[in-house]
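Asks: turn this into a model:
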Amino acid sequence: MRASEGFVETNSLSADGRRVRLHYLEWGSAGPAAAARVCVLLHATGFLARLFEPIAEALSGRFHVYAYDARGHGDSDKPIEGYGWPAIADDLKGFADALGLTQILAIGHSSGAAGVAHLAATRPEYISKAVLIEPTVFPPMPEETAAVRRRALSSSAARRRMVWPSREALIRSYRQRPAFAGWRDDLLRLYAEHGTFRREDGQLELKCPGKIEAVLYERSLSPDTWRLLPDIHCPVLVLRGDSTEQMLAMVADGVAQRIEGARLTTIAGAGHLVPMERPDAVVAEIMDFLGEGAAPK
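Replies: Below is the predicted model of the structure:
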């Protein structure tokens, strides 16, 4: 099923009352959103909603599914302020309010999972169930340790090559990078197609500015969301890849331990970028968590 597209205006950005416009995709085969169960998908830092396409299509037989580009990403607005896990949660709330959505099955990956967790803890009426895939919800850590990790992540993002002569050149280069080596070919091509725009000089540029990605990484180690985890009382599934970075594995395990009744599942043959490596396995685990068996073909 081909997704339809739209935009919503949501939360205030600053004192001048400007609003952020979020671009979203919608799969509606389960019926109108008002009459169907609703699922919202939130992507990781640096990526975009389109990468959830296989998961969204698989779930659309049971849910009215939405996935949106986070602020600063994809075709959504890119303000210079308003980033961090609480802001991601606030945008999810604003997205739900704009479309009249309640009791959401919220599925987030990495920073998207952090935003889902934050909203589930602070505004539980919005989230009926949560799936946290490789959640980057870090516990308090010594400032020296946090500073080293922040600098490494943010400097890498700031140095990221933004401009490419062609999509094929981007794909060839990314295929050689460890973080992308396990991606399904179709998803890497979706990223190259929808995660870039054509400049006036004919070259392609990534839609997520490196400076925005860097800001998100700089703010990713705030322990505020970690402290809120015991306040989550809806059913929660935590997913992580079996070959993810050791620190991220420990974080996922810790998140599951801090949420009463949460289920922790490891997906074989995947690292941190599970949805782009094993989307079928992600769908299978979600359907099992929901107690609904295999997703319809």
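Asks: do you know how far the residue nearest to the spatial centre of the chain is from V116?
Replies: Residue closest to the average C-alpha location in the chain (Cα atoms, centre = their mean): H43, at 1.9 Å. Distance, H43 to V116, by Cβ to Cβ, to the nearest Å: 11 Å. To be clear about C-beta, it is placed using only N, CA and C from the backbone, and glycine gets the same treatment.
Asks: can you give me the strands for this protein?
Replies: Ranges of strands in the chain, per DSSP state E, are 4-12, 19-27, 38-42, 64-68, 104-109, 127-133, 163-164, 196-198, 204-206, 236-241, 263-267.
Asks: any stretches of the stretch 151-297 of the chain with poor pLDDT?
Replies: 293-297 (pLDDT under 70).
Asks: what ranges do the helices span in it?
Replies: For the stretch 151-297 of the chain, applying DSSP state H, counting those that start in this stretch gives helices covering 167-175, 185-194, 210-218, 224-228, 246-258, 274-277, 279-290.
Asks: which helices and strands does the shortest one pack with?
Replies: When contacts are defined as 3 or more Cβ pairs under 8 Å, 6 or more residues apart in numbering; DSSP states H and E, helix 274-277 packs onto helix 185-194, strand 236-241, helix 279-290.
Asks: and the last one, what's buried?
Replies: Judged by neighbour count (16 or more other Cβ atoms under 10 Å), helix 279-290 contains these buried residues: 279, 281-287, 289-290.
Asks: closest one of these to A262?
Replies: F289 (10.4 Å; Cβ to Cβ).
Asks: residues contacting the nearest residue to G254 once chain neighbours are set aside?
Replies: Spatial nearest neighbour of G254, excluding adjacent residues (Cβ to Cβ, 6 or more residues apart in numbering): P139 at 6.0 Å. By Cβ atoms under 8 Å, 6 or more residues apart in numbering, the contact list for P139 reads 223, 226, 251, 254.
Asks: filter those residues to the buried ones?
Replies: 226, 251, 254.
Asks: how close does F197 sit to L221?
Replies: F197 sits 31 Å away from L221, going by Cβ to Cβ.
Asks: who has more neighbours out of the two?
Replies: Taking other Cβ atoms under 10 Å, F197 and L221 do not tie; L221 has more neighbours (19 against 11).
Asks: so how far is R258 from the nearest residue to R71 once chain neighbours are set aside?
Replies: Distances taken as Cβ to Cβ, 6+ apart put V20 closest to R71, at 5.1 Å, once the chain neighbours are dropped. V20 sits 30 Å away from R258, going by Cβ to Cβ.
Asks: then V163?
Replies: 42 Å.
Asks: these two: which is more packed in?
Replies: Ranked by neighbour count (other Cβ under 10 Å), V163 and R258 place R258 first, with 18 against 12.
Asks: nearest residue to the more buried one other than its sequence neighbours?
Replies: Spatial nearest neighbour of R258, chain neighbours left out: L229 (4.0 Å); criterion: Cβ to Cβ, 6+ apart.
Asks: S220 versus that neighbour, what's the distance?
Replies: L229 is 16 Å from S220, by Cβ to Cβ.
Asks: A117 too?
Replies: 13 Å.
Asks: which of the two has more neighbours?
Replies: A direct count of neighbours by other Cβ under 10 Å for A117 and S220 places A117 higher, at 32 against 23.
Asks: which ones are touching the more buried one?
Replies: A117 makes contacts with 108, 130, 132, 135, 137, 225, 228-229, 232, 255, as judged by Cβ under 8 Å, 6+ apart.
Asks: now for the residues you listed, which pair is the farthest apart?
Replies: G108 and L228 (14.6 Å).
Asks: more neighbours, those two?
Replies: G108 (29 against 20).
Asks: the more buried one is in contact with I133, isn't it?
Replies: Yes: when contacts are counted by Cβ atoms under 8 Å, G108 is listed as touching I133 (6.7 Å).
Asks: who's in contact with the residue nearest to K78 when sequence neighbours are not counted?
Replies: Once flanking residues are discounted, K78 sits nearest to G72: 4.9 Å by Cβ to Cβ, 6+ apart. Residues counted as contacts of G72 (Cβ under 8 Å, 6+ apart) are 78-79, 83, 208-209, 212-213, 216.
Asks: which one of the residues you listed is nearest R240?
Replies: L216 (20.0 Å).
Asks: if I pick the closest one, what's in contact with it?
Replies: 45, 72, 83-84, 111, 157.
Asks: can you list those in JSON lines and add distance to H272?
Replies: JSON lines is the format used below for the contacts of L216 (distance: Cβ to Cβ, whole Å):
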{"residue": "T45", "distance to H272": "11"}
{"residue": "G72", "distance to H272": "20"}
{"residue": "Y83", "distance to H272": "20"}
{"residue": "G84", "distance to H272": "20"}
{"residue": "S111", "distance to H272": "11"}
{"residue": "A157", "distance to H272": "15"}
